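J.: What would the 3D arrangement of this be:
(one chain, ligands or ions: 1)
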Amino acid sequence: MLLARGCDHRVVNSGTTLLTNVLRRERRSLDGAWHVIVDPYEMGYVGILGERNDRGFFRDFTPRHPADRVEYDFDASPTLTVPGDWNTQDERLLYYEGTVWYRRRFTIDGGDGDGDRAGRRRFLNVGAANHTSRVFLDGEELATHAGGFGPFAVELTGCLEAGEHSLVMQVDNRREPDRIPAMRSDWWNFGGLTRSVDLIEVPEVFLRDAWITMAPDGRVVGGVTVDSPDGVRSPAVDEVTLRLPGLGVETTVGDGFELDLAPVRWHPGRPILHDVEWQLGDDIVRDEVGFRTVATDGTAIVVNGEPTFLHGISIHGEAPSGGRRAHGRDDATTLLGWAQDLGANFVRLAHYQHDEHMVVECDRRGLLAWCELPVYWGIAFERPHVLENARAQLDELVVRDRSRAAIAFWSVANETAPSPARTEFLASLADHARTLDPTRLVSAALLTLPTTEIDHLVDDPLGEAVDVVAVNQYLGWYYGDRTTIAEHTWRSSFGKPMLFTELGAGAKAGRHGSADEIWTEEFQAEIYRSQIEMVERGRSDRGGEIAGLSPWILKDFRAPVRVLPGIQDGYNRKGLVSEEGDRKLAFDVLADYYQQLSTGPAPAAD
Ligand code: GCB
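T.: Predicted coordinates:
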């Protein structure tokens, strides 16, 4: 059999597992400089006859003798910093799509606190590797993972004798028709080990997953999964203890549990978090968790029993400056700080799973969040392995973050053209999301097509399968007359809350002129004013159906499809701030509106 080019993304996740609470465990960081080999012709894995090349780069041979027939040398090759995309670390890689081999050596010393010790297990945890990757330890292939934004782990127990080890990762960001995302997206295809890589040591029997949250009816619910050398299982009776010291709770819990508690609630703008401790033998995980209810009532979104209008902003996972992939806490605090400066109570984390620090910071800052799968434009809905991969990416999205009070929505897609195959595919993902987490709302951002209508009826059949009808609309930008935006009305066939998950217009920061001249800040600001007027008229608490908005977008972001010289230059210019954070006029227009919406104190704590 001839091998596929690069990493075979049709092999869905072999040799990987999913650990949660990674940020809350002791980690040995493997971040920093990794040696890399750029391999556009795939010589590192595939031999010239299409066979697996047993002398491939993954063997990490170091030529030591002049006669050694080795035509690569990681030690002599350049380095890239992990976490980080490769595109912005080396200008030759800005547009590169293909394979890069990463190599990092690390030492396990034989001392007491180290070595491959009896009674301990070790995992490699990869925060994200875009898109498909293979993991090799000391020349042995251990795992393949498909999906560029979700975390995955590989067990290394038994492989880490005292001494030096070679960890090699093949990371391949090529676009393929049957990957998720597929051939086209309006964001940069940042390749590489874009989030942290860690070694994690745990006891032989450990808490593989432990989560807790509040269901829409106010019950505190959650689940625990135990991992032992014999496999993954539910906890035995009395095996796992859950403590919430501030609430006087100490109890044993099982695989799915329910507690009768009345904690002081987390609320947007009032982010109260409670200490939580999980214990399984000597495996202890500590977390800080908020409790709130999120539900719908007709066309309203209801948080802690209060109809709550969501005034938000969409955010890409791109850093506050430098046009690189965002990662870590600092990027999260700057981006979310800007959202708070706007007065937002809600963020749409588009269009893929963001760094875990983003949702942790949303919890700390009291921002409701929408989290999304990269099921976006042109997905091969008819192909079974694509669905299988979408489900695996959904597992990663939901399971990592089920304890985060901030998260109100799981979104299974963005702008997918209606067809029976697509609706079946996405409805099955919506069901899967509800199975993984029955406590949150499920949605998908729907496409609206150019129209001359003033009165809009959203009747995409996917509306049946979701809890909230999310609509992307670009009145006044891609279509429609700017001066009549305020007159438009919006309804759906479903009697559910409607969110404008996108609206907006492009402007180049610093470009000024009249409100009739596109790309000026004045034009963009005017579109915002008109859209706000339309939203205000159609609010669900005023007889309409609109329950919120998250305009597109916080910051200008890189996109290869944005080619207009002098204006776009490789950036989507719909940001409220430039790619370096300079505020445009529309930022103040939206901030003034959100200021008026902050209608006083949050409901009394109960
Ligand atoms: C959309 C997409 C988003 C694009 C945006 C635009 O509808 O969902 O990814 O970036 O429009 O700017 O056209």
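J.: make it CA atoms for all contacts and neighbour counts henceforth
T.: Will do.
J.: what helix or strand does Ala392 sit in?
T.: helix 384-401 (DSSP states H and E).
J.: what sits up against that helix?
T.: Taking contacts as C-alpha atoms under 8 Å, 6 or more residues apart in numbering, the residues outside helix 384-401 that touch it are 10, 12, 18-21, 146-147, 150-152, 178-180, 353, 356, 359, 371-373, 375, 380-381, 410, 412, 425, 429, 432-433, 436-437.
J.: Quick one: distance of that helix to the chain centre.
T.: For helix 384-401, the gap between its own C-alpha mean and the chain's C-alpha mean amounts to 12 Å (C-alpha atoms, centre = their mean, to the nearest Å).
J.: Please identify the buried residues of that helix?
T.: For helix 384-401, burial by neighbour count (16 or more other C-alpha atoms under 10 Å) applies to 385-401.
J.: Also stretch 315-328?
T.: Buried residues in stretch 315-328 (16+ other C-alpha under 10 Å): 315-321, 323-327.
J.: These in helices, which ones?
T.: Among the buried residues of stretch 315-328, DSSP state H puts none in helices.
J.: out of those, who's nearest Asp198?
T.: Within these, the smallest distance to Asp198 is 14.3 Å, found for His327 (C-alpha to C-alpha).
J.: my read: that closest one touches Asp355, true?
T.: Yes: His327 is in contact with Asp355 according to C-alpha atoms under 8 Å; the separation is 5.9 Å.
J.: joint contacts of those two?
T.: Counting by C-alpha under 8 Å, 6+ apart, the shared contacts of His327 and Asp355 are 195, 317.
J.: Which parts of the chain are helices?
T.: Going by DSSP H, the chain shows helices at 328-342, 356-365, 384-401, 420-436, 521-537, 585-597.
J.: For Asn572, find the nearest of those.
T.: Ranking the helices of the chain by proximity to Asn572 (C-alpha to C-alpha) places helix 521-537 first, at 13.3 Å.
J.: what sits up against the closest one?
T.: With C-alpha under 8 Å, 6+ apart as the test, helix 521-537 has contacts from 476, 482-483, 485-489, 503-518, 544, 546, 584-587, 589-590, 593.
J.: which of those count as buried?
T.: 476, 482, 485-486, 488-489, 503-509, 512, 515, 518, 544, 546, 584-587, 589-590, 593.
J.: ok, back up a step: just send the helices of the chain back as TSV, with distance to Gly218 too.
T.: Listed next are those as TSV, based on distance: least, C-alpha to C-alpha, whole Å:
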stretch	distance to Gly218
helix 328-342	27
helix 356-365	18
helix 384-401	19
helix 420-436	17
helix 521-537	31
helix 585-597	26
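J.: which parts of stretch 570-581 are buried?
T.: Neighbour count says stretch 570-581 has 570-579, 581 buried, by 16+ other C-alpha under 10 Å.
J.: ok, now stretch 558-568?
T.: Buried-residue list, stretch 558-568, by 16+ other C-alpha under 10 Å: 558-562, 567-568.
J.: Distance to Ser133 and pLDDT for those - can I get that in CSV?
T.: Formatted as CSV, those follow (distance: C-alpha to C-alpha, whole Å; pLDDT from 0 to 100):
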residue, distance to Ser133, pLDDT
Arg558, 23, 98
Ala559, 23, 98
Pro560, 23, 97
Val561, 25, 97
Arg562, 28, 98
Ile567, 35, 98
Gln568, 32, 98
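J.: quick check, nearest of these to Asp363?
T.: Among those, and counting by C-alpha to C-alpha, the member closest to Asp363 is Arg558, at 27.5 Å.
J.: what's the residue nearest to that closest one when sequence neighbours are not counted in contact with, if anything?
T.: Leaving out its chain neighbours, the residue that sits closest to Arg558 by C-alpha to C-alpha, 6 or more residues apart in numbering is Tyr571, at 4.2 Å. Taking C-alpha under 8 Å, 6+ apart as the criterion, Tyr571 is in contact with 556-560, 562-563.
J.: what do you get for Glu277?
T.: Here Glu277 is in contact with 242-244, 284-287 (criterion: C-alpha under 8 Å, 6+ apart).
J.: Filter those down to the ones in strands?
T.: Taking DSSP state E, the ones among the contacts of Glu277 that sit in strands are 242-244, 284-287.
J.: The residue nearest to the spatial centre of the chain: what's it in contact with?
T.: Closest to where the C-alpha atoms of the chain average out (C-alpha atoms, centre = their mean) is Gln353, at 1.0 Å. Residues in contact with Gln353, defined by C-alpha under 8 Å, 6+ apart, are 149-150, 371-374, 397.
J.: do that again at 7 Å, thanks
T.: The contact partners of Gln353, taken as C-alpha atoms under 7 Å, 6 or more residues apart in numbering, are 149-150, 371-373, 397.
J.: which among those residues gets closest to Thr308?
T.: Taking C-alpha to C-alpha as the measure, Thr308 lies nearest Cys371 of those, at 18.5 Å.
J.: tell me the pLDDT at that closest one?
T.: Predicted confidence (pLDDT) for Cys371: 98.
J.: neighbours of it, just the number please.
T.: For Cys371, the neighbour count with other C-alpha atoms under 10 Å is 24.
J.: now do the one 5 residues further on
T.: When neighbours are counted by other C-alpha under 10 Å, Tyr376 registers 22.
J.: Now do the nearest residue to it once chain neighbours are set aside against Glu372, distance only.
T.: Using C-alpha to C-alpha, 6+ apart and skipping the chain neighbours, the partner closest in space to Tyr376 is Asn414 (5.1 Å). According to C-alpha to C-alpha, to the nearest Å, Asn414 stands 8 Å off from Glu372.
J.: residues shared between the contacts of those two?
T.: Counting by C-alpha under 7 Å, 6+ apart, Asn414 and Glu372 have no common neighbour.
J.: what residue ranges in the stretch 351-500 of the chain score low on pLDDT?
T.: For the stretch 351-500 of the chain, applying pLDDT under 70 flags no range at all.
J.: and what of the chain?
T.: 1-11, 111-117, 599-606.
J.: quick revisit: the contacts of helix 384-401 in strands, which ones?
T.: Mapping the contacts of helix 384-401 onto strands (DSSP E) picks out 146, 152, 371-372, 410, 412.
J.: Would you tell me which one of these comes nearest to Gln170?
T.: Using C-alpha to C-alpha, Ala146 comes nearest to Gln170 of the ones in strands among the contacts of helix 384-401, at 11.8 Å.
J.: what's the burial count for Trp338?
T.: Neighbour tally, Trp338, other C-alpha under 10 Å: 21.
J.: going forward can the numbers begin at 458, since that is how I track them
T.: Right, with 458 as the first residue, what we last looked at is Trp795.
J.: Burial check on the residue lying closest to it once chain neighbours are set aside, number of neighbours?
T.: With C-alpha to C-alpha, 6+ apart as the measure, Leu1011 is the residue that lies nearest to Trp795, at 8.0 Å, once sequence neighbours are left out. Leu1011 has 28 neighbouring residues, counting by other C-alpha under 10 Å.
J.: and Leu1011, how far is that from Arg1030?
T.: 10 Å.
J.: Next: Gly780.
T.: 13 Å.
J.: Please apply the same query to Ile637.
T.: Using C-alpha to C-alpha, Ile637 is found at 25 Å from Arg1030.
J.: now swap in Leu1054 and tell me
T.: With C-alpha to C-alpha as the criterion, Leu1054 and Arg1030 are 26 Å apart.
J.: got it, and Ser778?
T.: With C-alpha to C-alpha as the criterion, Ser778 and Arg1030 are 14 Å apart.
J.: Ok, Leu550 next?
T.: Relative to Arg1030, and taking C-alpha to C-alpha, Leu550 is found at 23 Å.
J.: now swap in Arg781 and tell me
T.: 16 Å.
J.: just Val706 next, same as before
T.: The value you get for Val706 to Arg1030, if C-alpha to C-alpha is used, is 50 Å.
J.: Likewise for Trp668?
T.: Counting by C-alpha to C-alpha, the gap from Trp668 to Arg1030 is 39 Å.
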